[in-house]
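Novice: Starting from these lines, generate the structure:
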Amino acid sequence: MRFLYYDKVDNIEKGKSITGVKTFTLSEEFLRRHFRRKALVPGVIYIEAMAQLLGWLVIYSHDFKLSAVMSLVEGVNITPDLRPGFKAEVHGEIISTSKRDSLGRAWITVDGKTIAEMDRIIYSHVHKVDSKALMDLFYYYSGIKI
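Specialist: Numbering: from 1, shown residues only. Next comes the predicted model:
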């Protein structure tokens with residue numbers, strides 16, 4: 001089983017920003033047995049969606065010469081009680097990046113309204129990677145050819 005919390009990447013600008021889309025449906029595997037009386041999208045799924053997209057932006061910005069591991073998240077605000085059946089735009093921005101780590105922020109909007117946001121997310125960089133394998137995964141998951 002694979003847990004990918006975006007459906008596509010709409011826009012990516014190296015070193016700056018990324019935007020993707022996720023449609024949350026009632027058939028999502030994570031909804032099974034999570035909230036037994038009412039189907040709700042768990043808040044941690046929004047955090048993971050933002051982290052996945054922003055992580056790809058970090059990797060892309062460093063030309064696939066490293067991998068990004070989420071190491072800190074702060075300032076998280078999430079709208080509770082969102083039932084599946086909506087399309088969300090996931091946005092991420094790099095605030096700063098160095099050889100060692102990257103700092104960013106991310107947010108999710110639905111119909112122009114912010115439903116989740118992270119003020120600060122830090123990624124540690126891992127330098128021993130297979131760049132070609134990362135590029136292939138990025139192409140597979142984003143549809144964007146490098």
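Novice: What's the first helix or strand after the lengthiest helix in the chain?
Specialist: The longest helix of the chain (DSSP state H) is helix 43-61. Where DSSP states H and E defines the elements, the next helix or strand beyond helix 43-61 is strand 67-78.
Novice: What are the buried residues along that following strand?
Specialist: Residues 67, 68, 70, 76, 78 are the ones in strand 67-78 that count as buried (16 or more other Cβ atoms under 10 Å). C-beta here means a position set from N, CA and C on the backbone, and glycine is covered the same way.
Novice: In the longest strand along the chain, which residues are buried?
Specialist: If you go by DSSP state E, the chain has its longest strand at strand 113-126. Using 16+ other Cβ under 10 Å as the test for burial, strand 113-126 gives 115, 116, 117, 118, 121, 122, 123, 125.
Novice: Which helix or which strand is home to the closest residue to residue 87 other than its chain neighbours?
Specialist: Nearest residue to residue 87 in three dimensions, chain neighbours excluded: residue 23, at 4.7 Å (Cβ to Cβ, 6 or more residues apart in numbering). Residue 23 belongs to strand 17-24 when assigned by DSSP H and E.
Novice: Which helix or strand contains the residue in the chain sticking out farthest from the centre?
Specialist: Going by Cα atoms, centre = their mean, the residue of the chain most distant from its centre is residue 37, 27.8 Å out. Under DSSP H and E, no helix or strand contains residue 37.
Novice: Can you list phi and psi of it for me?
Specialist: phi -100, psi -20 (degrees, to the nearest 10).
Novice: That one and residue 13: what is the separation?
Specialist: Noted for residue 37: a distance of 42 Å to residue 13, by Cβ to Cβ, to the nearest Å.
Novice: Residue 134 and residue 59 touch, don't they?
Specialist: Yes: counting by Cβ atoms under 8 Å, residue 59 is a contact partner of residue 134 at 6.1 Å.
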